[in-house]
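Colleague: Just need the structure, nothing else, for what follows:
(one chain, ligands or ions: 1)
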Amino acid sequence: MKTEVILVIDMIKGFFQENFPLYGGDKVREIIPYVSEFLRLYSHIPIIYLCDHHAPDDKEFQMLPPHCIEGTEETELIEELRPYPGIIVPKTRFNGLYQTDLEDILRKLKVDTVTIMGICTDISVLFTAAALRERDYTVRVAAQGVASFSSLEIQHFALKQMDTILGVKII
Ligand SMILES: [Zn+2]
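Modeller: The predicted model follows:
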């Protein structure tokens, strides 16, 4: 029997609310109804929320403009997902296993299957899926529950890489 979790990546105010510098726009907001409905339908499956979270001088800001500084509203889960409680895991890099508690939590829950949704398909979703596959987890990605700041072409490329190279099941 498989033991499953739903991993929701970066569905936080900094990327989903237009008053913040890295707001992703309508194309990221479009996934909210799908994700909420999925969490409602599968409420028996534990949820882990990976949430971007940086010190003010974090070196990730060599790659992206400053965003989601610890203690600010940007790092908070969006209101629409509040009805679905889960374990909050702060992360600082695109790979959600890097220097986070995620691996420990998965081990403690004896998880073998991780279903990913959230953003960005070509960044944190892709790199976290790769890190999980390297550790032999079964990974599923909900195509309608992920979005990218980039073009649809890049979104499709990332899904294809996960499918054909990483052996991720696209659902
Ligand atoms: Zn970040």
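
Colleague: Now tell me what touches the strand ranked longest in the chain from outside.
Modeller: Taking DSSP state E as the criterion, the chain has its longest strand at strand 138-147. The contact list for strand 138-147 (Cβ atoms under 8 Å, 6 or more residues apart in numbering) reads 2, 24, 27-28, 30-31, 34-35, 38, 112-121, 125, 129, 132-133, 155, 159, 162, 166-171. In this view, the C-beta of every residue, glycine as well, is placed from N, C-alpha and C.

Colleague: same thing with stretch 60-73?
Modeller: Applying Cβ under 8 Å, 6+ apart, the set of residues contacting stretch 60-73 from outside is 12-15, 20-22, 51-56, 74-75, 90, 92-93.

Colleague: and the end-to-end length of it?
Modeller: With Cα to Cα, to the nearest Å as the measure, stretch 60-73 spans 19 Å from end to end.

Colleague: which of the residues in it are buried?
Modeller: 67, 68, 69 (16 or more other Cβ atoms under 10 Å).

Colleague: residues in this protein within reach of the ion, list them.
Modeller: Where the chain comes near the ion, counting by Cβ under 5 Å from the ion, the residues are 52, 60.

Colleague: ok so, going back, narrow the contacts of stretch 60-73 to those in helices?
Modeller: Using DSSP state H, the members of the contacts of stretch 60-73 that fall in helices are 13, 14, 15.

Colleague: Closest one to residue 43 out of those, please.
Modeller: Nearest to residue 43 among the ones in helices among the contacts of stretch 60-73 is residue 13, at 23.2 Å by Cβ to Cβ.

Colleague: Kindly export stretch 34-49 (C-alpha atoms) in PDB.
Modeller: Below are the C-alpha coordinates for stretch 34-49, written out as PDB (Å, rounded to 0.1, in the frame of the first residue of the first chain):
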ATOM      1  CA  TYR A  34      -8.000  23.400  -8.900                       C
ATOM      2  CA  VAL A  35      -5.600  23.100  -5.900                       C
ATOM      3  CA  SER A  36      -8.300  24.000  -3.400                       C
ATOM      4  CA  GLU A  37     -10.700  21.500  -4.900                       C
ATOM      5  CA  PHE A  38      -8.000  18.800  -4.900                       C
ATOM      6  CA  LEU A  39      -7.200  19.400  -1.200                       C
ATOM      7  CA  ARG A  40     -10.900  19.300  -0.400                       C
ATOM      8  CA  LEU A  41     -11.500  16.100  -2.300                       C
ATOM      9  CA  TYR A  42      -8.400  14.300  -0.800                       C
ATOM     10  CA  SER A  43      -8.600  15.700   2.700                       C
ATOM     11  CA  HIS A  44      -7.500  12.300   4.100                       C
ATOM     12  CA  ILE A  45      -4.000  12.800   2.600                       C
ATOM     13  CA  PRO A  46      -1.600  14.800   4.700                       C
ATOM     14  CA  ILE A  47      -0.500  18.200   3.200                       C
ATOM     15  CA  ILE A  48       3.000  19.700   3.300                       C
ATOM     16  CA  TYR A  49       3.300  23.300   2.300                       C
END
